[in-house]
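> Got a sequence here, can you build the structure:
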Amino acid sequence: MFPKIFKQLFKKDGTAQAIAMHRLVETLGKKNKRVIYDSFASNFVYGRSLFKFFGHKFDIWILKKIIPGLHEHIIARTKYLDDIIEQSILNGFKQYVILAAGYDSRANRLNIPNDINIFELDQSEVQKRKRSILDKIVPRSQKIIYIEIDFNKENLTQKLLDAGFDANKNTIFTLEGISQYITKDSFKSTLNEINQLTKQTKTKIFFSYTDIAINESPQDLFGKNYPHPGKKINRIKKIVDALGEPWISFYSRNEIEKLLLKNDFKLVEIKKLEDLNDKYFKSVNRVIGEKNIFNLENFVVVQNF
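All right, here's what the predicted structure looks like:
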């Protein structure tokens, strides 16, 4: 009964809403205590009134009871990617492609110049809901191009070119929190398409991947004395299964590096929550203790040769 209700309520945007929920909870914090601020997030979350009623401190406490460190992991990933986008634009990147954009709000909440073209791609149902909500709260920007796509059936390259993508402009592509939800063949195909599409210019890609240790030795993804890591992994798997978007693909670092090399990309850096703990949480007096460190994903930045 529970999974059926979830699937009916969230349809095809369960994961997108969950990530927006974490951004909402973080935004509710006091200015000197929060890592990110997203005024758009609440508009996409069912039950947002409850989160607002209970407030940041209580919401964080509840999330910690369910899966310690997951909220901080997602917020660290959000902030890290925010920084990458802003720095890339300062370094001369002129196009920004968001694959499986969900309810990503960077196009509206980051200070992105009007001469930067932003292409947001996702399935039709999610795109339509997102646009209908945003159109009520913010004027639609000409720099944001929304593209509806079925990644299983339609060609990414053709969709981008038809929408005005310029293969001669420096471009950053992002696939935030996506790789575990798609087949390895789909992920490989996406990297190959990006490689072929951007041969003539400078390209940077951000993506995250879940380590294969999640199945073989889940304790390796957690800090020292983290409580019952195997049970927490199973809890997350049950939640994403209930949302109708199960995890299906996991990678080793060696596998990722080989895949990148095959597609003419080189690794710039890999980060995870424990690497970003001091940078983002210490500055707001919220350093995450070892027993709450959850390195669910590796955050990867790559560029072409």
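> distance between stretch 18-29 and the chain's centre?
Distance of stretch 18-29 from the chain centroid (C-alpha atoms, centre = their mean, to the nearest Å) equals 13 Å.
> got the contact list for that stretch?
Stretch 18-29 is contacted by residues 34-39, 41-42, 44-45, 48, 51-52, 55-57, 59-60, 63, 71, 74-75, 78, 102-103, 105, 177, 243 when judged by C-beta atoms under 8 Å, 6 or more residues apart in numbering. Yep, even glycine has a C-beta here, placed from its N, CA and C like the rest.
> Would you mind naming the helix or strand containing the closest residue to residue 257 other than its chain neighbours?
Leaving aside its sequence neighbours, residue 257 sits nearest to residue 267 (C-beta to C-beta, 6 or more residues apart in numbering; 6.2 Å). Per DSSP states H and E: residue 267 is located in strand 265-271.
> and if you look at residue 80?
helix 70-90.
> circling back to that earlier point, wouldn't the residue nearest to residue 257 be in contact with residue 302 here?
Yes. Assessed by C-beta atoms under 8 Å, residue 267 is found in contact with residue 302 at 5.6 Å.
> Overlap of the contact sets of the two?
Common neighbours of residue 267 and residue 302 (C-beta under 8 Å, 6+ apart) are residue 260.
> So between those two, which is more surrounded?
residue 302 (23 against 14; other C-beta atoms under 10 Å).
> is the closest residue to that one other than its chain neighbours in a bridge, and if so with what?
Spatial nearest neighbour of residue 302, chain neighbours left out: residue 265 (4.4 Å); criterion: C-beta to C-beta, 6+ apart. Beta bridges link residue 265 to residue 304, judged by DSSP bridges.
> so who does residue 265 touch?
Contacts of residue 265 by C-beta under 8 Å, 6+ apart are 191, 195, 203, 205, 302-305.
> Can you give me the distance of the residue nearest to residue 257 to residue 205?
10 Å (C-beta to C-beta, to the nearest Å).
> shared neighbours of these two, which are they?
300-302.
> Where strands are concerned, which of the residues you listed count?
300-302 (DSSP state E).
> Which one of those is nearest to residue 138?
residue 301 (28.9 Å; C-beta to C-beta).
> Pull up the gap between the closest residue to that closest one other than its chain neighbours and residue 237, please.
Excluding its sequence neighbours, the residue lying closest to residue 301 (C-beta to C-beta, 6+ apart) is residue 268, at 4.3 Å. As for residue 268, its distance to residue 237 is 30 Å (criterion: C-beta to C-beta).
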